[in-house]
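Enquirer: have a look; sequence and predicted model below, questions after that.
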Amino acid sequence: MVLDVSVRRQTYVEDCEVCCNPIEISYTIEDDALVDFAAKVLE
């Protein structure tokens, strides 16, 4: 998974590379560092 660090805060849905189920990805970038990351399986 590649995160676009030019976007400071983002939430999006991506299909799992292994099982193809949808996953909600959320992250926050501060001072060019990842400070928060969450991945939640959507059913």
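Expert: Now that the structure is in, tell me what you want to look at. Residues are numbered from 1 along each chain as shown.
Enquirer: the most far-flung residue of the chain relative to its centre and residue 8, how far apart?
Expert: No residue in the chain sits farther from the centre than residue 31, which is 17.7 Å out by C-alpha atoms, centre = their mean. Distance, residue 31 to residue 8, using C-beta to C-beta, to the nearest Å: 10 Å. The C-beta positions use only the backbone N, C-alpha and C, and glycine is treated the same way.
Enquirer: repeat that for residue 1.
Expert: Distance from residue 1 to residue 8, by C-beta to C-beta: 18 Å.
Enquirer: ranges for the helices of this protein?
Expert: For the chain, applying DSSP state H gives no helices.
Enquirer: what stretches of it score poorly on pLDDT?
Expert: For the chain, no stretch has pLDDT under 70.
Enquirer: so which residue is dead centre in this structure?
Expert: residue 25 (3.1 Å).
Enquirer: list the contacts of that residue.
Expert: Neighbour list for residue 25: 1, 10-14, 37-39 [criterion: C-beta atoms under 8 Å, 6 or more residues apart in numbering].
Enquirer: can you pick the most crowded of those?
Expert: residue 10 (14 neighbours; other C-beta atoms under 10 Å).
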